[in-house]
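>>> what would the 3D arrangement of this be:
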Amino acid sequence: MALLAACQGSTTPVPAVPTTIPDLYAAIPGGVSDDTIVLGVSAAFQGPSAYLGTELYRGAQAYFSYINENGGVNGRQIKLRMYDDSYNPDPAVKNTATLVDQDDVFLLFNYVGTPTVTRVLPLLAHYNDRSMYMFFPFTGAEAPRTQPYDEMTFNLRASYRQEIAGLVDNLVAAGHSRIAILYQADSYGRSGWDGAVMALAEHDLDIVGEATYTRGTSFEASFNEQVEVLKASNPDAILEIGSYQACAGFIRDARDAGLDMPILNVSFVGTENLLALLQEAGKENQRDYTSNLIISQVVPYYRETELPAVKEYQTLMIKYNPLPPAGLTAADYQPLPFSFVSFEGFLNAKLLVEILEQLGPNPTREQIPEAVESIQNLDLGINTPVSFGPEQHQGSNTVYYTTVKDNQIVPLEEWYQ
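Here you go, the predicted model:
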């Protein structure tokens, strides 16, 4: 089922309910009319990674609701045409073809995941004569950041290589040298593996042990085999490149097997859901699974209200409280008040609105590269300027670090020795 989410705001703190439309939706030529601009989204709204697509959408929707309530962008309301791909490449490709060929959206926005985005990029190249661009996918993989696909993709977040390099540099500085890795057996996992190899090589080190798991593996699955493989390598730290259910399952089984060294994750893991699963398992098994965890992030901590963007994000999330997209997300899905993922979606929307404003009253896709590449030292309210250029289609290079203390996510102040 597809839907068009009308970003209608409200002056009272009630949920901004997406407008569900029939599948016989009449596309707006070029994705732009006198009063509307339509963005296309294919993301994980179902399955083990539903949290990522849903919360990324909710953060963006909060900002779009605010913009629409205040007149839109050059008088146009921002609307989203959305499909679920459940974090699987084949549906993502099919959805993208539909968004471009049938729905004729103005641009693509807020895709989720390396396996999906990597498969969609060749299709974007196929649509080169249509000037179809992808904005701010939720992935740090290299494919959208390198030729030939960087020309049609714009990223806000730092890359996985940057996240992993920061994690490894800090681990080594803290005295760790035997680093093992668990990674998802697909393009996302391999991207992380490659980043780990490169980062360790800078310190004349190698991965001491590695194990994989299949994409879509649930928290309830056993990871004892992977634990035994990595345990045999005698690591003093373990890097995970995966999604929250599998990564939490591995942490549970690793701690049960006596592996108490630091376990690290990159931003894609979904910090809040990772923590929730570990807390639930801890209650059941009467033990602590949340110690010695480090997670890199690509946006600041969403409770640092001294940052203007964080304060704005919290205010708008409370005011509009976007519901999960009707018909796409499971009926029993429980939204989070705040999260790193929804804050990233919020910043994605905030930056995209700035770009749409620069396109002026008569926007065309052909104008997009010049509009984006003209952005220099833009202040989004996060204390780190965002810049683009003809050879720079990634706006931010900043990586942040968090840990868990007293069952709460907190900024990491001291690395584990």
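
>>> hang on, residue 409 is in a strand, isn't it?
Yes - Residue 409 forms part of a strand when assessed by DSSP: H, G, I helix; E, B strand; the rest coil.

>>> now it: closest residue in space, sequence neighbours ignored.
residue 402 (5.5 Å; C-beta to C-beta, 6 or more residues apart in numbering). Glycine gets a C-beta too; all of them are placed from N, C-alpha and C.

>>> which SSE is that neighbour in?
Per DSSP states H and E: residue 402 is located in strand 400-405.

>>> mind listing the strands that strand pairs with, and their directions?
strand 293-297 (antiparallel), strand 408-411 (antiparallel) (DSSP bridges).

>>> looking at those strands, which is buried most?
strand 293-297 (a mean of 24; mean count of other C-beta atoms under 10 Å).

>>> list the buried residues in the next helix or strand after it.
Downstream of strand 293-297, the first helix or strand assigned by DSSP H and E is helix 308-320. Applying a neighbour-count criterion of 16 or more other C-beta atoms under 10 Å, one finds 309, 310, 312, 313, 314, 316, 317, 319, 320 buried in helix 308-320.

>>> nearest spatial neighbour of the third one, chain-adjacent residues omitted?
Excluding the flanking residues, the one nearest residue 312 by C-beta to C-beta, 6+ apart is residue 381, at 6.5 Å.

>>> next: the first one.
By the measure of C-beta to C-beta, 6+ apart, the closest residue to residue 309 outside its immediate chain neighbours is residue 381, 3.1 Å from it.

>>> which of the helices or strands spans that neighbour?
Going by DSSP H and E, residue 381 is not in any helix or strand.

>>> can you list the domain ranges for this structure.
3-157+304-386, 160-297+401-411 (automatic domain parsing).

>>> can I get the ones you listed in CSV with mean pLDDT?
Below are those laid out as CSV (pLDDT from 0 to 100):
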stretch, mean pLDDT
domain 3-157+304-386, 91
domain 160-297+401-411, 97
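
>>> closest to residue 394 out of those?
Across those, residue 394 has its closest neighbour in domain 3-157+304-386 (4.3 Å, C-beta to C-beta).

>>> for residue 278, what are its contacts?
Residue 278 makes contact with 248, 251, 252, 289, 290 under the criterion C-beta atoms under 8 Å, 6 or more residues apart in numbering.

>>> check residue 404 too.
So residue 404 contacts 275, 290, 291, 293, 410 (C-beta under 8 Å, 6+ apart).

>>> try residue 72
Per C-beta under 8 Å, 6+ apart, neighbours of residue 72: 35, 78.

>>> can you map out the helices along the stretch 101-250 of the chain?
Under the criterion DSSP state H, counting those that start in this stretch, the stretch 101-250 of the chain contains helices at 114-126, 160-173, 187-201, 224-231, 244-256.

>>> how far does stretch 294-301 sit from its chain's centre?
11 Å (C-alpha atoms, centre = their mean, to the nearest Å).

>>> could you check stretch 82-95 and say which residues are buried?
So for stretch 82-95, counting by 16+ other C-beta under 10 Å, buried means 82, 83, 84, 85, 86, 87, 88, 89, 91, 92, 93, 95.

>>> nearest to residue 393, of the domains of the chain?
The nearest among these, by C-beta to C-beta, is domain 3-157+304-386 at 5.1 Å.

>>> any chance of a markdown table for the strands paired with strand 400-405, columns distance to residue 369?
A markdown table is the format used below for those (distance: least, C-beta to C-beta, whole Å):
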| stretch | distance to residue 369 |
| --- | --- |
| strand 293-297 | 29 |
| strand 408-411 | 36 |
